[in-house]
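Novice: Only the shape, not the letters, is given here:
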């Protein structure tokens with residue numbers, strides 16, 4: 001678990017130093033950091049669907065975005081994010097944030113509130129909105 005926390009901290013540090021998602025992905029692959037699914041498989045001694053050793057270190061930008069936006073790294077637990085539509089179906093619907101169960105300081109934080117907020121501010125400043133097939137940046 002400590003190794004995963006170190007990797008999350010490293011991702012936040014790289015992002016706050018001005019590296020984009022693709023540079024972070026490249027850095028993690030170069031340093032042979034296991035991607036989340038490969039790490040989970042090795043930790044739980046489960047055969048991983050990625051058979052090639054190289055794929056264990058291949059990250060994608062969605063994983064980086066998920067890590068940078070997840071409040072769990074602040075020590076906050078957010079429960080009841082989704083619920084089943086019906087007991088007869090496996091389809092789920094997303095619960096509005098106002099109705100979720102949120103527990104602050106539920107465990108030790110990996111990143112500080114200031115680091116997390118700064119990362120969110122940087123993310124928002126880099127967001128691009130597509131409007132009538134033209135990219136508009138909020139810089």
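Specialist: Structure received. Source: prediction; values computed, not measured. Numbers count the residues shown, from 1 in each chain.

Novice: quick one: low-confidence parts of this protein?
Specialist: 1, 46-54, 128-139 (pLDDT under 70).

Novice: For it, which segments count as strands?
Specialist: Assigned by DSSP state E, the chain shows strands spanning 77-79, 82-84, 92-94, 101-103, 128-131, 134-137.

Novice: residues near residue 87, how many?
Specialist: The number of residues packed near residue 87 is 6, by other Cβ atoms under 10 Å. C-beta here means a position set from N, CA and C on the backbone, and glycine is covered the same way.

Novice: so who does it touch?
Specialist: Residues in contact with residue 87 (Cβ atoms under 8 Å, 6 or more residues apart in numbering): none are found.

Novice: For it, give its distance to residue 60.
Specialist: Distance, residue 87 to residue 60, using Cβ to Cβ, to the nearest Å: 34 Å.

Novice: Residue 105 now?
Specialist: Counting by Cβ to Cβ - residue 105 and residue 60 are separated by 31 Å.

Novice: Residue 25 is in contact with residue 64, isn't it?
Specialist: Yes: if you go by Cβ atoms under 8 Å, residue 25 and residue 64 touch, sitting 6.4 Å apart.
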